[in-house]
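J.: Sequence unavailable; structure follows:
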């Protein structure tokens with residue numbers, strides 16, 4: 001896929017559609033995929049030199065994949081953070097019962 005010029009990337013529907021297709025394979029929601037795609041496009045627009053060279057698609061995919069993993073890590077930390085208080089409350093109840 002030939003990439004558009006950096007100034008045109010944020011508005012290119014074909015690029016966005018391709019990135020969404022890739023992102024959906026790594027994250028579990030459409031909202032997360034949209035965030036990953038937007039972050040990828042923003043970085044490429046700000047740093048077009050990241051795509052210099054013969055392997056532009058691979059570089060773009062690697063960048064998107066890194067942001068998808070970041071998104072999954074963030075989701076996991078949010079889930080574990082919200083689950084921790086319930087776990088702590090349960091352990092405190094058990095401690096009280098044994099006293």
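T.: Thanks, I have the structure now. Nothing here was measured: the structure is a model prediction, and the numbers come from that model.

J.: What is the strand or helix carrying residue 42 packed up against?
T.: Using DSSP states H and E, residue 42 sits within helix 30-46. On a contact count with 3 or more CB pairs under 8 Å, 6 or more residues apart in numbering; DSSP states H and E, helix 30-46 meets helix 6-9, helix 13-24, helix 56-98. In short, each C-beta sits where N, CA and C put it, glycine included.

J.: For the residue nearest the centre of the chain, which non-adjacent residue is spatially closest?
T.: Taking CA atoms, centre = their mean as the criterion, residue 68 is the residue nearest the geometric centre of the chain, at 2.7 Å. In this structure, residue 68 finds its nearest non-sequential neighbour in residue 26, 3.5 Å apart by CB to CB, 6 or more residues apart in numbering.

J.: quick one, phi/psi of the one you found?
T.: With angles defined as degrees, to the nearest 10, residue 26 sits at phi -110, psi -20.

J.: For it, report the pLDDT, please.
T.: pLDDT recorded at residue 26 is 94.

J.: mind showing which ranges of the protein have poor pLDDT?
T.: 1-9, 82-99 (pLDDT under 70).

J.: one step back: please report how far the residue nearest to residue 68 lies from residue 50.
T.: In this view, residue 26 and residue 50 are 19 Å apart by CB to CB, to the nearest Å.

J.: got it, and residue 24?
T.: 22 Å.

J.: more crowded one of those two?
T.: Each of residue 24 and residue 50 has its neighbours counted (other CB atoms under 10 Å); residue 24 has more, 17 against 14.

J.: Next, the contact list for the residue nearest to that one when sequence neighbours are not counted, please.
T.: Leaving aside its sequence neighbours, residue 24 sits nearest to residue 33 (CB to CB, 6+ apart; 5.0 Å). By CB atoms under 8 Å, 6 or more residues apart in numbering, residue 33 lies in contact with 20, 23, 24, 27.
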